[in-house]
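[1] Model the structure of this input:
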Amino acid sequence: MDIKKHQKKIILICVALILIMSMITSKNWPYCGSMEYIHSNVTIKTGERKIIGFNADTDSLKFGVVSPGAVVTRSAEVNKSAGTKVKVFMEGELFPWTNITPSHFIVNPNEEQKIVFELHVPKEAKEGVYEGRVKFCFT
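    Predicted structure coming up:
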């Protein structure tokens, strides 16, 4: 067989794999027809008494002031006048601490889908304010 033909095939396969990997790791993967963001944060304080976060704001996803090791749950509802597929991601410092259920779903026209955000603060977390944002990807 011709070695140059094999080299060309290998190069084409490598280029295709690089393109696929760059799409998967890109911030816009999966493709979003439109995106919306909501600011999110948690304040961690240590002390003798356990602190439980409380926040009633509706313009952001705040987990309040909590102690290290806390598990805090918040919820939100998504509705759209037109049906759409939705994927929900946490970005920033809160990403590794947050479970989102469901993280992808279809919302039908004029219906609501409840999303639960569960934040697991590590026991070794230091005092401070930790920031993130929720990304809603609509396709």
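
[2] What is the subsequent helix or strand relative to the helix or strand encompassing Val116?
    Element membership of Val116, judged by DSSP states H and E, is strand 112-120. Heading C-terminal from strand 112-120, the first helix or strand you meet, by DSSP H and E, is strand 128-138.

[3] Distance from the chain centre to that next one, please.
    Put simply, strand 128-138 sits 7 Å off its chain's centre (CA atoms, centre = their mean, to the nearest Å).

[4] If I take that strand and strand 112-120, what angle do their directions form?
    Per axes from the mean of the first three to the mean of the last three CA atoms, to 10 degrees, the angle that strand 128-138 makes with strand 112-120 is 150 degrees.

[5] by contact count, what packs against strand 128-138?
    strand 34-44, strand 84-92 (3 or more CB pairs under 8 Å, 6 or more residues apart in numbering; DSSP states H and E). All C-beta atoms are positioned from the backbone trio N, CA, C, and that covers glycine.

[6] Reformat those into JSON lines and put distance to Gly64, mean pLDDT and mean neighbour count next to each item.
    As requested, the helices and strands packed on strand 128-138 are exported to JSON lines (distance: least, CB to CB, whole Å; pLDDT from 0 to 100; neighbours: other CB atoms under 10 Å):
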{"stretch": "strand 34-44", "distance to Gly64": "7", "mean pLDDT": "93", "mean neighbour count": "16"}
{"stretch": "strand 84-92", "distance to Gly64": "16", "mean pLDDT": "94", "mean neighbour count": "18"}
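
[7] Name the nearest residue to Phe63, ignoring sequence neighbours.
    Val42 (3.9 Å; CB to CB, 6 or more residues apart in numbering).

[8] Domains in this protein, by residue range?
    1-30, 32-138 (automatic domain parsing).

[9] and the end-to-end length of the last one?
    It stands for domain 32-138. 6 Å (CA to CA, to the nearest Å).

[10] Give me the distance from that domain to the chain's centre.
    8 Å.
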